[in-house]
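In: any chance you can model this:
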Amino acid sequence: MSSAAGWHELRGGWTLLVACAVGVGLSAIALPFYAIGPLTRPIEAELGWARADIQLAILFSSGLGALTAPVTGWMIDRFGARRVALPSILGVSLGLLVASYASTLAIFYLGFAATAILGAGTNPVLWSRVVSGSFEKARGAALGLALVGTALVALLLPSLIVALEAYGGWRIALRGTALLPVMIALPLVWVWLRPDARRRAGDGASAGLPGVTVGEALRDYRFWVLALSILLGYLAISGTLTNLVPALIDRGIEAQAAAAFAGAVGITMIPGRVLVGFVVDRIWAPGVAMVVLLLPAAACLVLQDAMAPAILIASCAILGLAAGAELDLLAFLTARYFGLAHYSKIYALAYAGLAMGSATAPFLFASLHDRTGSYGTSFLVAGTFFAIAALLMPLLGRYPDTFVDDRSSAT
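Out: Below you'll find the model as predicted:
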């Protein structure tokens with residue numbers, strides 16, 4: 001990457017990056033995911049629901065998000081990113097508001113399902129499409145900066161929810177969360193989501209851009225290697241992060257302290273997103289991904305029974321690094337191996353696997369807790385998934401020369 005050209009792109013598109021960062025952070029995927037952990041014990045205490053049943057709500061948000069992702073990709077190409085994003089932001093708020101009034105699991109699940117369906121246009125398919133199409137010289141860095149919004153939510157939301165819950169209960173905490181998309185994301189996206197007109201990124205047109213068709217991508221082994229690696233990585237990330245706060249509280253750590261430890265995930269997600277984005281513009285991305293995924297494999301083994309604050313902070317920080325990098329890597333690798341001509345649809349299919357991992361892991365890991373009485377087995381499973389995901393990455397091989405721009409395709 002030419003440094004001067006890359007910095008020029010980033011400076012010229014900073015308002016677009018801010019809009020994307022806020023949009024993805026306050027999305028139908030991020031808000032339910034990072035809210036469910038600190039809400040689990042208060043809901044359990046008030047309504048008597050099992051933890052696994054509470055965390056199953058993520059299956060209805062992320063799971064339906066996975067099912068709607070291909071449709072979202074088609075809608076972006078057909079109608080443009082802005083027309084899809086704006087009504088979807090309202091949908092996120094409405095769905096979470098419904099969940100806050102639940103007195104039965106059915107209504108609780110309905111709220112999370114409504115968040116996914118009505119807010120489908122806020123998932124990372126849209127924001128990644130806009131950024132990948134608007135930036136070329138600094139694409140990895142731009143993706144890292146745009147997707148940093150989920151890191152900020154991971155950092156701030158647990159403590160906000162704990163504070164609101166202490167003030168007025170879990171329902172008030174969830175209603176406060178529901179206000180965030182309307183109050184913050186909607187005005188910024190309305191004003192600043194203006195994809196580069198020259199490249200027509202995410203603006204309903206991909207004609208003339210290089211890339212394979214959806215069918216060609218599905219016949220390429222690299223699509224399945226990438227999708228499997230991302231799926232395993234997100235099974236590990238999602239299962240661990242959503243259960244981290246209740247796991248620490250079970251060890252006798254105060255709720256606010258547990259939320260602070262979980263906040264370390266958000267702190268390192270930010271440099272994880274940004275630094276990995278800058279690095280993959282210069283170094284072979286699958287090699288970077290392998291290193292990033294091996295580190296949390298070790299951290300999960302430590303988290304099985306760690307109590308020392310320094311060790312907990314370090315382990316959570318490593319998890320944040322991986323959580324920060326995974327989504328960026330999927331977006332970047334999809335563009336580098338399959339091009340931009342049908343990016344929205346190809347990325348949406350790969351993202352569906354990621355979303356299914358995010359949807360099922362919280363329930364599966366909470367179920368392991370309910371069966372064993374601890375989260376030790378869950379952390380061991382997560383570490384194994386991280387390790388396999390890391391070892392799959394080098395199988396992607398060299399970048400296709402067709403989509404190289406001015407960067408080296410060498411491994």
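In: tell me which element Leu244 is part of?
Out: helix 221-250 (DSSP states H and E).
In: which strands or helices does the helix or strand following that helix pack on?
Out: Next helix or strand after helix 221-250 toward the C-terminus (DSSP H and E): helix 255-280. Using 3 or more CB pairs under 8 Å, 6 or more residues apart in numbering; DSSP states H and E, the elements in contact with helix 255-280 are helix 30-47, helix 139-146, helix 148-168, helix 221-250, helix 285-302, helix 309-338. Where C-beta positions appear, they are placed from N, C-alpha and C, glycine not excepted.
In: avg pLDDT for helix 255-280?
Out: Averaging pLDDT along helix 255-280 gives 76.
In: would you mark the buried spots in it?
Out: By neighbour count with 16 or more other CB atoms under 10 Å, helix 255-280 contains the buried residues 255, 258-280.
In: which residues of the protein score low on pLDDT?
Out: Within the chain, the stretches with pLDDT under 70 are 1-6, 195-208, 266, 306, 324, 402-411.
In: and for the spatially closest residue to Ala113 that is not a sequence neighbour, the neighbour number?
Out: In space, and not counting its chain neighbours, Ala113 is closest to Phe60: 4.2 Å by CB to CB, 6 or more residues apart in numbering. Number of residues near Phe60 (other CB atoms under 10 Å) recorded here: 23.
In: also the one 5 residues further on?
Out: Gly65 sits with 32 neighbouring residues when counted by other CB under 10 Å.
In: tell me the contacts of Leu228?
Out: Residues near Leu228 by CB atoms under 8 Å, 6 or more residues apart in numbering: 353, 389, 392.
In: what does Val148 give?
Out: Applying CB under 8 Å, 6+ apart, the residues near Val148 are 21, 25, 269-270, 273-274, 324.
In: cool, and Val292?
Out: Val292 touches 272, 276, 321-322, 325, 329, 390, counting by CB under 8 Å, 6+ apart.
In: let's see 7 Å
Out: 276, 321-322, 325 (CB atoms under 7 Å, 6 or more residues apart in numbering).
In: quick revisit: buried stuff in the helix holding Leu244?
Out: In terms of neighbour count (16+ other CB under 10 Å), helix 221-250 has its buried residues at 222-249.
In: so which of the contacts of Leu228 would you say is closest to Leu16?
Out: In terms of CB to CB, no member of those lies closer to Leu16 than Gly353, at 27.3 Å.
In: middle-most residue in the chain, spatially?
Out: In the chain, the C-alpha nearest the mean C-alpha coordinate belongs to Leu327, at 5.6 Å (CA atoms, centre = their mean).
In: measure that one to Ser358 for me?
Out: 10 Å (CB to CB, to the nearest Å).
In: next one: Gly397
Out: For Gly397 relative to Ser358 (CB to CB), the value is 27 Å.
In: quick check: closest non-adjacent residue to Thr122.
Out: Closest to Thr122 by CB to CB, 6+ apart is Ser27, at 3.8 Å.
In: buried residues of the helix or strand containing Ile388, list them for me.
Out: Assessed by DSSP H and E, Ile388 sits inside helix 376-392. By neighbour count with 16+ other CB under 10 Å, helix 376-392 contains the buried residues 378-379, 381-383, 385-387, 389-390, 392.
In: now do that helix: which elements does it pack against?
Out: helix 221-250, helix 285-302, helix 343-372 (3 or more CB pairs under 7 Å, 6 or more residues apart in numbering; DSSP states H and E).
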